[in-house]
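In: model this:
(2 chains)
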Amino acid sequence: MPFEVVSGSQAAAIAVQRVGVDLVAAYPITPQTAIVETLANYDAKGELGCDFVSVESEYSALACCNGAAAAGARVFTATASHGLAYMHEMIHWCSGARLPIVMVNVNRAIGAPWCLDPDQGDSLSQRDTGWMQIYCSGAQEVFDTVLQAYRLSEELLLPCMVVFDGFYISHTYEAVDIPDKEQVSKFIGPSNFKAQVVPGEPGNIQGIIPGEIQHQLVKKRSETMMFAPSLFEELNKSFEKIFGRCYRAVEVVAPIGAKTAIFTAGATAETVRWCLPKMEGTAMIQLRMFRPFPAEQIRSIIEKNNFERIVVIDRNCSVGVGGILAQELKAALYGMSKLPAVHDLILAGGIDLTGEMLGQMVEESDGNVKTGYKWGDELL
Amino acid sequence: MKEDMLEFRLHGRGGQGIVIAASIFAEAVFLDGHYARAFSLFGAERRGAPVTAFIRTGSDRLMPRSRIYEPDYVVVFDSTISGDTLLAGLKREGTIIINADSSWTKRLPVGEIEKATAKVFIVDAREIAWKHKLAIGSFPMVNTVMLGAMARISGLASLDSLFVSIKKRVSASIDANINAVKDGFQCVKEVNSFAPSYD
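Out: Sure thing, here's the model as predicted:
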């Protein structure tokens, strides 16, 4: 299959073109702009094969996707940071309406003041909106995950956010294996989910309902989303047969006898993976799927490998609590008989993670302390 | 993990095309059989503001996703950028490639460069860019000249692969850019004496 040197953002856009969607509605925002640009270029050359709606805001982008998906269209949008925050109300609406929308979010810090660095707080702060969220660690993963997101979404009738770090991935040019449309169609056929709105058949959808019914709908949505980790692994089996690559909701790299595991999501996972051979006794757990949170898989990885200490790398901060991945991880570990110590390195805003910092963090978290955290600037 | 990773740090200003140069170089290295990644740091994106771009090359696809602090190569597209910034972290016996005429020693900290035992190469990219009429207004586009110099000194990218990538990524003046690469490749020369020049 042909490799091309493209940026992470270009990889996302090319994946959307290969999937073949019915509608793209998007508004450019740094560091996601190259996605919209690449799709607009396809459109200008007549190679997008669908409607490209240039909207006046991110709210309208998602509203537009919402309407089109309700009519049975396969749709795409992409955003970042303030754009995602601006969509917030619609983000809830899409999942409540059970619309299989795929959106890319490129991580960028949220103001004030303005900052372009890849803080993951923009997407992590949308964790309660009922969307699946998958974090990628490189451009190849971005391409592959966009494909898989459509399958997940359309099978579960839940929207899916594909997330990757600004600059570290969005603006990094690297070799990506890019299959053609025909290859991609072997994995992902035409969409066949049922339209909620049919032209010529007037009706009312998403009208007002009593709380007891809403309760049941939320329960149903929640139960449905819990199938995502196992469905993801199943999809990856057929993905591997076609493309030779395979991903798991939670990935582990564990040298024999490792007692400490570094737990992270996104671009930092590759930095950690690269540093591992130089860090004796250290493993890595890469969280791809953040929603639903694959608690069972994480617990079984920790039990199986007997990890005594987890060092979380959080490129975000829920002010007043701490790193979000660490909070989620601790909740998932509740009730384990052999509870590992959890330490957190908070890189919120935009602190670059180097091998030296990683080594220092792992060393300092050694000992009997059960939990603790460190701010990235304390390690510089 | 293989230990042959090499790291480049490119310094220039917004509008000089250093980001696209980094991606062209990375693509050429990849076409020649190694893995490569190019990425950049943006502040606010505007013409004239300092821009830093990075390239990593190696035979392993896995590379860290962090900035580059100890480059093997520093490539200076604009020698009016502060010398401290340029030399920061350069590996001992690393390599500096500078876009400059012979007066570069007046602007850059020669003593520091000597201490770092760096190999220094210069190419008058500005002059070559003018010769090929590669300019936006009064702003010479030196990026493709620097690519030729980088290819020659590092030996990591062939001219043919650079041309393939340029044809793909550059939309105008392709022939002039290709000739600029050839001239950069030809004209880059090692500096053996750091004595100040008085010409």
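
In: Check which helices and strands the helix or strand of chain B with the lowest mean pLDDT sits against.
Out: Taking mean pLDDT, DSSP states H and E as the measure, chain B has helix B:110-115 as its least confident helix or strand, at a mean of 78. Helices and strands touching helix B:110-115, by 3 or more Cβ pairs under 8 Å, 6 or more residues apart in numbering or on different chains; DSSP states H and E, are helix B:83-87. For glycine as for every other residue, the C-beta is placed from the backbone atoms N, C-alpha and C.

In: Touching the helix it packs on from outside, list them.
Out: For helix B:83-87, contacts defined as Cβ atoms under 8 Å, 6 or more residues apart in numbering or on different chains pick out B:His11, B:Pro50, B:Val74, B:Val76, B:Ile96, B:Arg107, B:Leu108, B:Pro109, B:Glu112, B:Ile113, B:Ala116, B:Ala118.

In: switch the cut-off to 6 Å
Out: B:His11, B:Val74, B:Val76, B:Leu108, B:Pro109, B:Glu112 (Cβ atoms under 6 Å, 6 or more residues apart in numbering or on different chains).

In: and of the residues you listed, the nearest to chain A?
Out: Ranked by distance to chain A (Cβ to the nearest Cβ), the contacts of helix B:83-87 are led by B:His11 at 17.0 Å.

In: Residue 30: neighbour count?
Out: Since you didn't name a chain, this refers to chain A. By other Cβ atoms under 10 Å in any protein chain shown, 21 other residues sit near A:Thr30.

In: My question was about chain B, not that one.
Out: 23.

In: packing partners for the helix or strand containing it?
Out: Using DSSP states H and E, B:Phe30 maps to helix B:18-31. If you count contacts as 3 or more Cβ pairs under 6 Å, 6 or more residues apart in numbering or on different chains; DSSP states H and E, helix B:18-31 packs onto strand A:3-7, strand A:173-177, strand B:6-13, strand B:35-41, strand B:50-58, helix B:143-154, helix B:159-169.

In: could the ones you listed go into TSV alongside mean pLDDT?
Out: Formatted as TSV, these follow (pLDDT from 0 to 100):
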stretch	mean pLDDT
strand A:3-7	96
strand A:173-177	98
strand B:6-13	95
strand B:35-41	93
strand B:50-58	94
helix B:143-154	98
helix B:159-169	97
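
In: Deepest in the core, which of these is it.
Out: Most buried of the helices and strands packed on helix B:18-31, by mean neighbour count (mean count of other Cβ atoms under 10 Å in any protein chain shown): helix B:143-154, with a mean of 26.

In: what angle do that one and strand B:6-13 make?
Out: Counting by axes from the mean of the first three to the mean of the last three Cα atoms, to 10 degrees, helix B:143-154 lies at 150 degrees to strand B:6-13.

In: how about the residue positioned nearest the centre of chain B, secondary structure?
Out: Residue closest to the average C-alpha location in chain B (Cα atoms, centre = their mean): B:Val75, at 3.6 Å. Classification of B:Val75 using DSSP: H, G, I helix; E, B strand; the rest coil returns strand.

In: Likewise for A:Ala78?
Out: Criterion first, three-state DSSP; result for A:Ala78: strand.

In: picking that back up, now the helix holding B:Phe30: average pLDDT?
Out: For helix B:18-31, mean pLDDT rounds to 97.

In: That one to strand A:173-177, inter-axis angle?
Out: Using the same axes, to 10 degrees: helix B:18-31 against strand A:173-177 is 40 degrees.

In: residues from chain B in reach of chain A?
Out: B:1, B:23, B:26-27, B:30, B:37-40, B:62, B:64-67 (Cβ under 6 Å from any Cβ of the partner chain).

In: can I get those in CSV with distance to B:Ser171?
Out: Compiled in CSV, the residues of chain B next to chain A are given as follows (distance: Cβ to Cβ, whole Å):
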residue, distance to B:Ser171
B:Met1, 38
B:Ser23, 14
B:Ala26, 19
B:Glu27, 16
B:Phe30, 21
B:Arg37, 23
B:Ala38, 19
B:Phe39, 22
B:Ser40, 19
B:Leu62, 33
B:Pro64, 32
B:Arg65, 29
B:Ser66, 32
B:Arg67, 29
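
In: Which of these sits closest to A:Ala267?
Out: Of all the residues of chain B next to chain A, A:Ala267 sits closest to B:Arg65, with 4.3 Å by Cβ to Cβ.

In: Local confidence estimate at the closest one?
Out: 96.

In: burial measure for it, as a count.
Out: B:Arg65: 27 neighbours (other Cβ under 10 Å).

In: For the stretch 101-250 of chain A, what lies in contact range of chain B?
Out: Residues of the stretch 101-250 of chain A lying close to chain B (Cβ under 6 Å from any Cβ) are A:Tyr168, A:His171, A:Thr172, A:Tyr173, A:Glu174, A:Ala175.

In: Next up, the contacts around the third one.
Out: For A:Thr172, the contact set (Cβ under 6 Å, 6+ apart) comprises A:Gly8, B:Arg37, B:Phe39.

In: Just give the nearest non-adjacent residue to the first one, would you?
Out: Leaving aside its chain neighbours, A:Gly8 sits nearest to A:Ile169 (3.7 Å; criterion: Cβ to Cβ, 6 or more residues apart in numbering or on different chains).

In: picking that back up, could you tell me which residues within the least confident helix or strand of chain B count as buried?
Out: By neighbour count on 16 or more other Cβ atoms under 10 Å in any protein chain shown, the buried set for helix B:110-115 is B:Val110, B:Ile113.

In: How about stretch A:304-324?
Out: So, applying 16+ other Cβ under 10 Å, buried residues of stretch A:304-324: A:305, A:307, A:309-318, A:322-324.

In: List of residues touching stretch A:265-282?
Out: A:135, A:137-138, A:165, A:168-169, A:258-260, A:262, A:264, A:284, A:286-287, A:313, A:353, A:355, A:358, A:362, B:1, B:62, B:64-66.
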